[in-house]
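[1] Using only what follows, build the 3D model:
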Amino acid sequence: MAKENKEAVQETATAEVTEDKKKKEPEYEVDNKGERLFPCRLPLIPGAEKQEALFVRVNQETRVVPRGKTVMLPKRFIEVIQHSEDAMLQAEEYRAANMKE
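    Numbering: from 1, shown residues only. Here you go, the predicted structure:
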């Protein structure tokens, strides 16, 4: 009976690991050049009348990414967008911490 319980626990653990791996694998598509494309959605800017698209350029390749719409992009563009957002957030935090009233 102890052997059956041990096997049941191993099966459960194996199923959990398999599900975790599935969760960690991002969804992607492959374009006609064989390049992986990942979903990317830029949030809308609250209170803005006109939602400006984001111009992104990586190694002389350009993309214009609309806001509020999910588009498929190569990972290198998504990384540049993330780094840009991180830098803007740090700059805003710096401004807020160093504003003189």
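
[2] The chain: strands as residue ranges?
    For the chain, the strands defined by DSSP state E occupy 29-30, 36-41, 54-58, 61-65, 70-74.

[3] which stretch among those comes nearest A96?
    Nearest to A96 among those is strand 54-58; the distance by Cβ to Cβ comes to 23.3 Å. No exception for glycine: its C-beta is placed from N, CA and C like everyone else's.

[4] Neighbouring strands of the closest one in the sheet, and parallel or not?
    Next to strand 54-58 in the sheet, as set by DSSP bridges, lie strand 61-65 (antiparallel).

[5] between the partner strand and strand 70-74, how big is the angle?
    160 degrees (axes from the mean of the first three to the mean of the last three Cα atoms, to 10 degrees).

[6] Also compute the angle for strand 61-65 relative to strand 36-41, please.
    30 degrees.
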